[in-house]
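# structure of the sequence below:
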Amino acid sequence: MKFHIKKTMTVLLAIFLVATVCVSAASAKTANKDLPSKSQVLSFVSNYQGEYNFVNVASKKSEHYHPAWTWDIWQDQHKNKVISFYYKVGSKGYGSIYFDNYGNTISTKYLKLKLVKSYWGK
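Numbers count the residues shown, from 1 in each chain. Predicted coordinates:
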């Protein structure tokens, strides 16, 4: 009986440690000290608003001109592409802003998004 309890506790501890490492790794990616401000993202995006295939243009230009920035490309339930840029909020936080394929800021409240591509900066 004691052996069974020890074995169970060992397994639970191992699962806890693995989960902690995974959460730490995910947090480290998000805690990028090179994130831009929200106004920098908006200024950058304004250069490409209205361009054909905005999501692809903005992601490629961001990778080239701002390689440390992070963004995700999504597809909504209507097969439209959406891009989200992440920006710094305070010293430890971050926020995100979403744009449609024309460069308009959008709300994701009623969208069902599926992740297509993540870029975590270089």
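
# only C-alpha atoms for contact and neighbour calcs from this point on.
Fine.

# following element in sequence after the strand ranked longest in the chain, please.
Assignment by DSSP state E gives strand 81-89 as the longest strand of the chain. Going down the chain from strand 81-89, the next helix or strand is strand 93-99, by DSSP states H and E.

# in that following strand, which residues are buried?
94, 96-99 (16 or more other Cα atoms under 10 Å).

# now the nearest residue to residue 49 once chain neighbours are set aside: how far from residue 42?
Among residues not flanking residue 49 along the chain, residue 103 sits closest, at 4.5 Å (Cα to Cα, 6 or more residues apart in numbering). Relative to residue 42, residue 103 is positioned 10 Å away (Cα to Cα, to the nearest Å).

# neighbour count: those two, which is higher?
residue 103 (23 against 15; other Cα atoms under 10 Å).

# what segments of this structure are strands?
71-75, 81-89, 93-99, 105-106, 114-119.

# for the third one, give the mean pLDDT please.
Meaning strand 93-99. Mean pLDDT, strand 93-99: 96.

# which residues of this structure fall in helices?
2-30, 38-46, 54-65 (DSSP state H).

# which elements pack onto the last one?
In terms of contacts (3 or more Cα pairs under 8 Å, 6 or more residues apart in numbering; DSSP states H and E), helix 54-65 is packed against strand 81-89.
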